[in-house]
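Undergrad: Build me a structure from this.
(chains A and B)
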Amino acid sequence: MQRTYELMFIVRPDMTEEDQDKLVANLESQVGAAGGTVKSVERMGKRRLAYLVRKFQDGIYVLMTLEGDGPMVKEVERRLRVTEPVIKFITVRVDEEQKRMAKIKAIRDTKVRGKGTRAQEAAAAAAEPVAATAEPAESAPASA
Amino acid sequence: MADETSNTAAPVAAAEGGSGAPRAEGDRGPRGPRAGGRPGPGGAGGGREGGRKFFRRKKVCKFCVEKIDSVNYKDVRLLGQFVAESGKIVPRRLTGVCTPHQRRLADAIKQARNIALLPFASR
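TA: Numbers count the residues shown, from 1 in each chain, chains lettered A, B, ... in the order given. This is a model prediction of the structure:
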């Protein structure tokens, strides 16, 4: 069961670029070792924190999108807790949300198409919702 | 004597009647106007103004109108609109957000607070 997670963590502001890269590479290897995959890493840069965290007022935010199962997340979080430069982290599960968004998008796409065109494509639009709800949204743009 | 009895009888009756009437009204009082007051401004805020100064216009849910589906903890600008100066989450009767969106919004704000994007409590 591959679940998609978003892991956002804050690194101390007094870290150099190469140290950050090393840290991220380390994490990626650990994710791989725990049986997951890293989909993307995004550096959000230095931001002012809303409150003092371990006596720091700023922090460097990093966002990672992971794919894996529950125990993998537990392992990664355990390592993050131990890593000294990381001062805060949060893991959010996003695959349910993404599924819901894709569903809404598919419904909206078929609705828009059905309304925009007239009786000619009314039959096609009637056939499309059936296909769109049965299969993922990729079939709808493909058939359009 | 007759006057006394009638006098004593009258105030007693009046007292009873008086206490009876406010008692009944007292039961209906807090329940009646309050029950009538809450659905009133909540349901048709524009239609009924009688005495409620806060609910001028009919509030619409910002998320439903603009069709913002996913409330992410990352977009601080959007979340910040629903957070008071003190950092508290603003109740939905003031912002007009509908219930499912308010729940998701509250969850997102709490996540943002945990990752220091929003404060827990500020001045």
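
Undergrad: Could you point out which residue ranges in chain B have low pLDDT?
TA: Within chain B, the segments meeting pLDDT under 70 span B:1-57.

Undergrad: how about the residues of it near chain A?
TA: Contact residues (Cβ under 8 Å from any Cβ of the partner chain) of chain B with chain A: B:69-70, B:73-74, B:111, B:113-120, B:122. For glycine as for every other residue, the C-beta is placed from the backbone atoms N, C-alpha and C.

Undergrad: Selecting buried members of these in ChimeraX, what would you type?
TA: In ChimeraX, this line selects whichever of the residues of chain B next to chain A come out buried by 16 or more other Cβ atoms under 10 Å in any protein chain shown:
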select /B:73,74,111,113,115,116,117,118
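
Undergrad: what's the closest of the residues of chain B next to chain A to A:Leu23?
TA: B:Ile115 (17.4 Å; Cβ to Cβ).

Undergrad: so what's that closest one up against?
TA: By Cβ atoms under 8 Å, 6 or more residues apart in numbering or on different chains, the residues touching B:Ile115 are A:Met8, A:Ile10, A:Lys88, A:Phe89, A:Ile90, B:Tyr73.

Undergrad: Just send the residues of chain B next to chain A back as JSON lines, with secondary structure and distance to B:Gln102 too.
TA: Below are the residues of chain B next to chain A laid out as JSON lines (DSSP: H, G, I helix; E, B strand; the rest coil; distance: Cβ to Cβ, whole Å):
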{"residue": "B:Asp69", "secondary structure": "coil", "distance to B:Gln102": "15"}
{"residue": "B:Ser70", "secondary structure": "coil", "distance to B:Gln102": "15"}
{"residue": "B:Tyr73", "secondary structure": "coil", "distance to B:Gln102": "15"}
{"residue": "B:Lys74", "secondary structure": "coil", "distance to B:Gln102": "19"}
{"residue": "B:Gln111", "secondary structure": "helix", "distance to B:Gln102": "15"}
{"residue": "B:Arg113", "secondary structure": "helix", "distance to B:Gln102": "16"}
{"residue": "B:Asn114", "secondary structure": "helix", "distance to B:Gln102": "19"}
{"residue": "B:Ile115", "secondary structure": "coil", "distance to B:Gln102": "21"}
{"residue": "B:Ala116", "secondary structure": "coil", "distance to B:Gln102": "23"}
{"residue": "B:Leu117", "secondary structure": "coil", "distance to B:Gln102": "19"}
{"residue": "B:Leu118", "secondary structure": "coil", "distance to B:Gln102": "16"}
{"residue": "B:Pro119", "secondary structure": "coil", "distance to B:Gln102": "20"}
{"residue": "B:Phe120", "secondary structure": "coil", "distance to B:Gln102": "19"}
{"residue": "B:Ser122", "secondary structure": "coil", "distance to B:Gln102": "21"}
